[in-house]
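Trainee: my questions are about this predicted structure, shown below with the sequence.
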There are 2 protein chains.
Amino acid sequence: MANVPHVVIVGGGFGGLFAARRLADEPVRVTVIDRQNYHLFQPLLYQVATAGLSGGDIAAPIRAVLAGKANVEVHLGDVTEVSLSSKTVALADGTSLAYDFLVLATGARHAYFGHPEWEQLAPGLKSLDDALEIRRRVLLAFEAAELEKDPVRQAALLTFVVVGGGPTGVELAGALAELSRYTVARDFRAIDPKRARVVLVEAGGRLLTAFDGKLSKGAEQELARLGVEVRLSTRVTDVTAEGVNLGTEPLPARTVLWAAGVEASALVKKLGAEHDRQGRVVVNPDLTIPGNGSVYAIGDAAHFAVEGGGMLPGLAPVAMQQGRHAAENILASLEGRPRRPFHYVDKGIMATVGRAAGLAQTRRLRLGGMLGWLAWLFVHLIFLIGFRNRLLVLIQWAWAYVTYQRSSRLIMGGVWRPGEPTVPEREQALLGRAPPRPAAEERPAERH
Amino acid sequence: MANVPHVVIVGGGFGGLFAARRLADEPVRVTVIDRQNYHLFQPLLYQVATAGLSGGDIAAPIRAVLAGKANVEVHLGDVTEVSLSSKTVALADGTSLAYDFLVLATGARHAYFGHPEWEQLAPGLKSLDDALEIRRRVLLAFEAAELEKDPVRQAALLTFVVVGGGPTGVELAGALAELSRYTVARDFRAIDPKRARVVLVEAGGRLLTAFDGKLSKGAEQELARLGVEVRLSTRVTDVTAEGVNLGTEPLPARTVLWAAGVEASALVKKLGAEHDRQGRVVVNPDLTIPGNGSVYAIGDAAHFAVEGGGMLPGLAPVAMQQGRHAAENILASLEGRPRRPFHYVDKGIMATVGRAAGLAQTRRLRLGGMLGWLAWLFVHLIFLIGFRNRLLVLIQWAWAYVTYQRSSRLIMGGVWRPGEPTVPEREQALLGRAPPRPAAEERPAERH
């Protein structure tokens, strides 16, 4: 095995896994490096954040996914640097790995538009740790409100602001509204969770701009029906321990969630190659990085320009197809064939709003409401990696659909002591007990 | 509601929940206080620790369990002190609650026989955080072994020591053996997980001393069949970063798990009432504490002497029956009837060894092997709180039984950097990233 070419894939998300699978049983040696031991089904992460699913339901060990591929190794580790000249990647533990071909599939983190200090106050939703932290804050807000005597502070505890009207923001806001109106409705004595405000703030003139205007209008109505206050053309100018400022209007809220922007991982920004404002490497049509025929960037790590302007969106199908394509181009190079340009086969886009309304849009089809939701459900179950998880998730959804119960309402990570007098102190105390995170240098927009 | 008697129940485990349920719709006001927002089905905690189940599968929000009981409130909080003279409990947030009747159902923690410093090195299994920490260490040990070049260190990484041959120790050892021999058997390239050693150390002359000698012999054989090395009549004299010492014999092991002893929570030890060596309050036959007719201690917080010597064991059925009985005695006091002594209805004891062998023992019945396992499965599913969880757990077990897969093999809580040179440093680094724990003053035998 030692003298076959070595393909190193950084990242076990959709792009990395599809690249590795395509290279299985080919005459190469493959190493998949990830900081986590699991692949995460990100499209359902908002369900974990809102207590609908457990982390285990949407994650599969990368080793298990690739166990049958004899030429694929999995390496739990943290790539800190790529040396294009020496063709090596350096790991945080001080070791390094040589590659013949490199696939960067390192994904994205949420970005705060030059305000990294907001992340503490308004967590985003990209990793399982993020989701558990959001779940923790949301559930603790209800607990604290139950014990709070001051009506002003109680109202702030029962106000949930979601920043960003893309699919993640819409899904989070819808799920939070259902959580408060149905799931925990009967659980408290001093508060009425149904009075909780869920505010969705979007800077643009409409939600879900990737979708047809009629569908996005439908989503807005569906959110309103669930009790979500949708604030369009509204910009968040500050995030504080007290809530958010919308221009000059303060909106007191103890829980603020961020779904307004992403940026590529620090690793690809440091490559020295041209990148866009979000740090994504601008790749060649064949997915290699400029001036280097053996290094690929795919998925959320890549800026792939499309004809007529713009770029491919950060969607799972894009990452999957690019992963497969990068693998095929590597095999072409090995066989002396020319690399082929990547063409995205657009399978459409989808989103969901609450428990029985969704949007699905392809070139020919526009589905809203219940039909859109069923399409969403079907596609997400099909793609959920691992059969067992699919079955379990289907059962949990069926159960949740019938009963409005959410199965994973656990506040994990130590004890919280409610009732301290001032909001900022309490916020700090809460933040101080957040679960440990990767080292700061690896994650650009992290807490400081 | 304000002028009906107030019953405060500290602890939402089996004892506390059964007391609260019995008091539902009676002419009392009930407050259940717990540090966690969920009830935990402790008998299946070892399944979470060995990646068979997710935390959500064995936990139910206390609020949800008690949502339909209008006279029962749930209070997320941390009781730090009981004042018998003023009939109040003090909470960590500085507030206090007055009670007319108090039920202490605060459970137990693992105890290290005067060696609190061992807890860092050999975590026990009592809470969900404990289980996730054990899962993390076990899965990381395989990952680190895969990357380790030194054969001696690699062997230590692949050695798992379980201290204590009671039900928890036997269940943990059996599940660890199965994890290594079946679940992750094909996942690694540099190591053969099947070579992992699982060593179960018991100071006494046989395992599962609560059971009939023939059954406990059968469990021993079943463990041997799974590849567990059972070391009877062997005392752990030290736990270090390198492993354990068994008298003069060092046993190098990177993962040591503690299942050798418990003690009652600090709260009941501070009561001033007589308690046994494990800190349990020695209760009157009616479950009240000596000299106080309105304060009850139940479950693992209580030492209930039985006729002919000894005490009732720390089992879920004991806690459930005592919870119900304490509630009935409170109602008796309110109605001017005398309190009745508690009599335990012995439903038997059970344990499981691996995936198809168990032990079940009642007065008349002794079941081992597959029959014992089926009995165990049946009883645990019946008692698992919440129908949805029961169904999900059954499916996961059925799936695991057929495929040997374990569904929750996630390493959570930040990034780990494998490959540092020295074992103790690495151990410390790992420990430093353990999930946050309750404040030290609340948990006697905690890390220092």
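Mentor: Great, that's in hand.
Trainee: tell me the mean pLDDT for stretch A:119-128?
Mentor: Stretch A:119-128 shows a mean pLDDT of 92.
Trainee: what about it, how long is it end to end?
Mentor: Terminal residues of stretch A:119-128 are spaced 16 Å apart (Cα to Cα, to the nearest Å).
Trainee: for the stretch 201-350 of chain A, which segments count as helices?
Mentor: For the stretch 201-350 of chain A, the helices defined by DSSP state H, counting those that start in this stretch cover A:213-225, A:266-269, A:316-334.
Trainee: how about those helices, which one is nearest chain B?
Mentor: Go through the helices of the stretch 201-350 of chain A one by one with Cβ to the nearest Cβ and the one that ends up closest to chain B is helix A:266-269, at 13.5 Å. (Glycine included, C-beta is placed from N, CA and C.)
Trainee: from the contact counts, what lies against that closest one?
Mentor: Using 3 or more Cβ pairs under 8 Å, 6 or more residues apart in numbering or on different chains; DSSP states H and E as the contact criterion, the neighbours of helix A:266-269 among helices and strands are strand A:79-83.
Trainee: for whichever helix or strand comes after the strand it packs on, packing partners?
Mentor: If you walk from strand A:79-83 toward the C-terminus, the next helix or strand you reach (DSSP states H and E) is strand A:88-91. Taking 3+ Cβ pairs under 8 Å, 6+ apart as the contact definition, the neighbouring helices and strands of strand A:88-91 are strand A:79-83, strand A:96-98.
Trainee: how far away is the most centrally placed residue in chain A from residue A:107?
Mentor: Most central in chain A under Cα atoms, centre = their mean is residue A:126, positioned 3.3 Å from the mean C-alpha point. In this view, residue A:126 and residue A:107 are 8 Å apart by Cβ to Cβ, to the nearest Å.
Trainee: same check on residue A:269?
Mentor: Per Cβ to Cβ, residue A:269 is found 13 Å from residue A:107.
Trainee: of these two, who's got more company?
Mentor: When neighbours are counted by other Cβ atoms under 10 Å in any protein chain shown, residue A:269 and residue A:107 differ, and residue A:107 comes out ahead with 26 against 17.
Trainee: so what's the closest residue to that one other than its chain neighbours up against?
Mentor: Sequence neighbours aside, residue A:300 is the residue nearest to residue A:107 in space, at 4.7 Å (criterion: Cβ to Cβ, 6 or more residues apart in numbering or on different chains). With contacts taken as Cβ atoms under 8 Å, 6 or more residues apart in numbering or on different chains, residue A:300 has the following neighbours: A:13, A:15, A:106-108, A:262, A:264, A:280, A:314, A:319.
Trainee: next, format these as a markdown table and append pLDDT.
Mentor: Conversion of those to a markdown table gives the following (pLDDT from 0 to 100):
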| residue | pLDDT |
| --- | --- |
| A:13 | 93 |
| A:15 | 96 |
| A:106 | 96 |
| A:107 | 94 |
| A:108 | 92 |
| A:262 | 88 |
| A:264 | 92 |
| A:280 | 95 |
| A:314 | 90 |
| A:319 | 95 |
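Trainee: most surrounded residue in these?
Mentor: Within the contacts of residue A:300, most neighbours by other Cβ under 10 Å means residue A:15, with 33 neighbours.
Trainee: wait, residue A:52 sits on residue A:175?
Mentor: Yes. At 6.7 Å, residue A:52 counts as touching residue A:175 under the criterion of Cβ atoms under 8 Å.
Trainee: can you report how many residues neighbour the closest residue to chain B within the stretch 101-250 of chain A?
Mentor: Minimum separation of the stretch 101-250 of chain A from chain B (Cβ to the nearest Cβ) falls at residue A:187, amounting to 3.8 Å. Other residues near residue A:187 number 21, with proximity taken as other Cβ under 10 Å.
Trainee: pLDDT value on it, please?
Mentor: In this prediction, residue A:187 carries a pLDDT score of 89.
Trainee: so where's the stretch 251-400 of chain A uncertain?
Mentor: Scanning the stretch 251-400 of chain A for pLDDT under 70 picks out the ranges A:384-400.
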